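Novice: The sequence isn't on hand, but the structure is:
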């Protein structure tokens, strides 16, 4: 595999927060941060966070967070202030009013600063685990939080549990014969004008390269070669790590949808992709927060 351009990280792959993982070992880290008025908290409700404006998150002081949140330590910002997240289940009403309203990671993540984007994806990934996995999967007992929100220990069987991450590949396919064509697919759950890259989870005992070859064959009926790694980003829907690739078709004419998950596959010209990215056609492409958008836009701009 070839290495990606390190200056073109996917939108949610930045390192804007110092996670300060060594501080998780101290039992009082979260409590100490909550008692410090300089601490900043990113509240997450469902998959949404409060916005100060359309392209910036609203960070609040610990005292401004409503009761009954699940708390965890995110790390520290560039000035050394502690950063926490406070997680709530999704509800019909937001936990509090915010100047820019509340926005989901999918819709606003692509326009955030590196610090806000990395904090949002970290907070959302952790919040989903905090809220969804309170019980021990081995014996069913209620667990207790440790490591500043990054682990759970079972008081019954003694097992320790950590947030789970599931690796998945996502692939854009270039033509074997025409450098100005890209193959995309339309999922059965989407409208007929929406297309994206092909994706699937890595199976037990499978390499990333083998997953690319298998998933593309299953979904698009096509063999690929020249598999090129392009970068990765967390995608907490629910707990994925998306690993992006470009690959080249062996035979363009072999492309066929599987008819179940993928109902249509199409070769798009560079001009058609450009019009879709610019919103100048009815072609629906992935949102700017996704690595799929970066794979497609990089290919369109000749960066692939």
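Specialist: That came through fine. This one's a predicted model, so the numbers in the text were calculated from it and none came from an experiment. Residues are numbered from 1 along each chain as shown.

Novice: who's sitting farthest from the centroid in this protein?
Specialist: For the chain, the residue at maximal distance from the C-alpha centroid (Cα atoms, centre = their mean) is residue 156, at 33.4 Å.

Novice: residues in contact with it?
Specialist: With contact set as Cβ atoms under 8 Å, 6 or more residues apart in numbering, residue 156 has these partners: 136, 139, 141. (C-beta placed from N, C-alpha, C; glycine too.)

Novice: Select the longest strand from this structure.
Specialist: strand 224-235 (DSSP state E).

Novice: I'd like the average pLDDT over that strand.
Specialist: Across strand 224-235, pLDDT averages out at 95.

Novice: which secondary structure elements does that strand contact?
Specialist: The elements that strand 224-235 packs onto, with contact taken as 3 or more Cβ pairs under 8 Å, 6 or more residues apart in numbering; DSSP states H and E, are helix 114-132, strand 166-174, helix 208-220, strand 240-249, helix 291-300.

Novice: Just give me the residue right at the centre of this structure.
Specialist: Note: the chain centre (Cα atoms, centre = their mean) maps to residue 235, 1.7 Å.

Novice: Give me the neighbour count for the closest residue in space to that residue that isn't next to it in sequence.
Specialist: The spatially closest residue to residue 235, leaving aside those adjacent along the chain, is residue 242, at 4.7 Å (Cβ to Cβ, 6 or more residues apart in numbering). Taking other Cβ atoms under 10 Å as the criterion, the count of residues near residue 242 is 24.

Novice: picking up where we left off before, using CSV, please lay out the helices and strands packed on strand 224-235 together with mean pLDDT and distance to residue 147.
Specialist: What follows is these, written out as CSV (pLDDT from 0 to 100; distance: least, Cβ to Cβ, whole Å):
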stretch, mean pLDDT, distance to residue 147
helix 114-132, 95, 11
strand 166-174, 97, 21
helix 208-220, 97, 29
strand 240-249, 97, 20
helix 291-300, 96, 28
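
Novice: Tell me which of the ones you listed sits nearest to residue 86.
Specialist: Nearest of the helices and strands packed on strand 224-235 to residue 86, taken as Cβ to Cβ: helix 114-132 at 8.5 Å.

Novice: List the buried residues for the closest one?
Specialist: Residues 115-131 are the ones in helix 114-132 that count as buried (16 or more other Cβ atoms under 10 Å).

Novice: Please apply the same query to stretch 275-289.
Specialist: So for stretch 275-289, counting by 16+ other Cβ under 10 Å, buried means 275, 276, 277, 283, 284, 285, 286, 287, 288, 289.

Novice: ok, those vs residue 161, which is closest?
Specialist: Using Cβ to Cβ, residue 289 is the member of the buried residues of stretch 275-289 that lies nearest residue 161, at 28.5 Å.

Novice: show me what contacts that closest one?
Specialist: Taking Cβ under 8 Å, 6+ apart as the definition of contact, the neighbours of residue 289 are 11, 12, 105, 106, 107, 108, 109, 110, 117.
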